[in-house]
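Asker: quick check, what structure comes out for this input:
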Amino acid sequence: MRSDHSLDDLGELVRSALSESFLEHVNLLIVGRTGVGKGTLINAVFQGDYAHTGQGLPVTMSTEELSKEGIPFTIIDSRGLELSDYEQTLEALQTFVQARQESSDVDHNIHFGWLCIQEPGRRVEDAEIALLEFFKAHGVPVIVVITKAVSDQGFCAKVESILPQAEAVISVNSIEMVLDDGRRIPPSGLEQLVSVTM
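Answerer: Next up is the predicted model:
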């Protein structure tokens, strides 16, 4: 995988951002439907095998906190939203966020979120809209991450119009993709995502 320069310096980027705040540690909650590529995105940002990835069945069955030694930054990987048990998963996420936000230890709070929506699906679901509204109501700024981004065709602008309360909408391709015709699509958008987040 090609490294983005700012990803090589993730620790420095996080420490620099924290020096301008009252925080000692940053927590990010990553959410999205099953198969959207949350684990692949986490591994690309941390540049290693930190999150489980796979195809087909859900991989993350509960909330997992992932961090990299020497970097005061934790990514909290949530269970993927599935249409079959959407209400139950959403309720568990809401309970988790509310408990973290009520903590008096600011370093335990959730400081921002990434809401992942995959480009190939080209849809924004009601569950994703509800999640963004919930986060905003609890003071969690959210960046919408369009994953598996290969051919925008106006999708990013459409997401921005549907989810105007997002801090930003950023298209990301976390790993090199090889298309059926043999063309290779390199990783992209990771550096911008990390920079905007910090």
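
Asker: residues in contact with the host helix or strand of residue 18?
Answerer: Taking DSSP states H and E as the criterion, residue 18 maps to helix 10-19. For helix 10-19, the surrounding residues in contact (CB atoms under 8 Å, 6 or more residues apart in numbering) are 6, 24-26, 45-47, 68, 70-73, 194-195, 198. For glycine as for every other residue, the C-beta is placed from the backbone atoms N, C-alpha and C.

Asker: ok, stretch 173-181 next?
Answerer: So stretch 173-181 is in contact with 1-2, 37, 40-41, 43-44, 147-150, 184-190, going by CB under 8 Å, 6+ apart.

Asker: touching, residue 42 and residue 30? I think so.
Answerer: Yes: look at residue 42 against residue 30 with CB atoms under 8 Å: they come within range, at 6.7 Å.

Asker: shared neighbours of these two, anything?
Answerer: What both residue 42 and residue 30 touch, as defined by CB under 8 Å, 6+ apart, is the set 75, 77.

Asker: just the ones of the contacts of stretch 173-181 in strands?
Answerer: 147, 184, 185 (DSSP state E).

Asker: among those, who's most crowded?
Answerer: The most crowded member of the ones in strands among the contacts of stretch 173-181, judged by other CB atoms under 10 Å, is residue 147 (24 neighbours).

Asker: ok, now how distant is that residue from residue 18?
Answerer: Relative to residue 18, residue 147 is positioned 26 Å away (CB to CB, to the nearest Å).

Asker: now residue 150
Answerer: Distance from residue 150 to residue 18, by CB to CB: 34 Å.

Asker: now swap in residue 65 and tell me
Answerer: Distance of residue 65 to residue 18, computed by CB to CB: 18 Å.

Asker: more neighbours: the two, which one.
Answerer: residue 18 (16 against 10).

Asker: how much space between the closest residue to residue 146 other than its chain neighbours and residue 82?
Answerer: Among residues not flanking residue 146 along the chain, residue 171 sits closest, at 4.4 Å (CB to CB, 6 or more residues apart in numbering). Using CB to CB, residue 171 is found at 24 Å from residue 82.

Asker: ok, the two, which is more surrounded?
Answerer: Neighbours were counted for residue 171 and for residue 82 using other CB under 10 Å; residue 171 has more, 20 against 14.

Asker: report pLDDT for that one.
Answerer: Residue 171 is assigned a pLDDT of 96 by the prediction.

Asker: same check, this time on residue 27
Answerer: 91.

Asker: who are the packing partners of the strand or helix carrying it?
Answerer: Using DSSP H and E, residue 27 sits within strand 26-32. Judged by 3 or more CB pairs under 8 Å, 6 or more residues apart in numbering; DSSP states H and E, the packing partners of strand 26-32 are helix 10-19, helix 38-46, strand 73-77, helix 86-101, strand 112-118.
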